[in-house]
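Visitor: No letters, just coordinates:
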Ligand code: FES
């Protein structure tokens, strides 16, 4: 991994299987990166329920289902769309340049849950 401004080069896009997540630790932040086919998404890799590894979840459309108890998170907003609490995870901007997936770890954002409704 190398850093260019706030963008961190992760690895070749081809190293991410389609519709699967992979974990990466960036500056002490655990992030799950998902290959959605036409783009990539990156979210905090810790489910707010009991810390499940979201990178191991099943990708359904533009959401991921936590492998531990099935809470579902929108990969575009980070909001839980199926959970027993109104929670969300941090999302991070991604881009692909020269075939390399990059994540802006300093660009992470978390929505206010009133916005998720
Ligand atoms: S730890 Fe994710 S749903 Fe329970």
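Guide: Done, it's in. Remember, it's a predicted structure, so these values are computed and weren't measured experimentally. Numbering: from 1, shown residues only.

Visitor: make it CA atoms for all contacts and neighbour counts henceforth
Guide: OK.

Visitor: On the pLDDT front, check residue 2 for me.
Guide: At residue 2, the pLDDT value in this model is 68.

Visitor: Ok, the one 5 residues further on next?
Guide: Confidence at residue 7, expressed as pLDDT, is 93.

Visitor: what are the phi and psi values for it?
Guide: Backbone torsions of residue 7, given as degrees, to the nearest 10, read phi -90, psi 130.

Visitor: which residues sit in contact with the residue nearest to it when sequence neighbours are not counted?
Guide: Of all residues not flanking residue 7 in the chain, residue 104 sits nearest, at 4.5 Å (CA to CA, 6 or more residues apart in numbering). Counting by CA atoms under 8 Å, 6 or more residues apart in numbering, residue 104 makes contact with 6-8, 92-94.

Visitor: mind showing which ranges of the protein have poor pLDDT?
Guide: Within the chain, the ranges that satisfy pLDDT under 70 run 1-4, 113-117.

Visitor: how about a cut-off of 80?
Guide: In the predicted model of the chain, residues 1-5, 112-117 satisfy pLDDT under 80.

Visitor: now the nearest residue to residue 105 once chain neighbours are set aside, which residues is it bridged with?
Guide: Using CA to CA, 6+ apart and skipping residues adjacent in sequence, the residue nearest residue 105 is residue 92, 6.1 Å away. Residue 92 forms beta bridges with residue 42, as assigned by DSSP bridges.

Visitor: Can you tell me how far residue 92 is from residue 49?
Guide: Computed as CA to CA, to the nearest Å, the residue 92 to residue 49 distance reads 20 Å.

Visitor: Looking at the two now, which is surrounded by more residues?
Guide: Comparing residue 92 with residue 49 by other CA atoms under 10 Å, the one with more neighbours is residue 92, at 24 against 15.

Visitor: ok, that one touching residue 102?
Guide: No: between residue 92 and residue 102 there is no contact under CA atoms under 8 Å: 10.1 Å.
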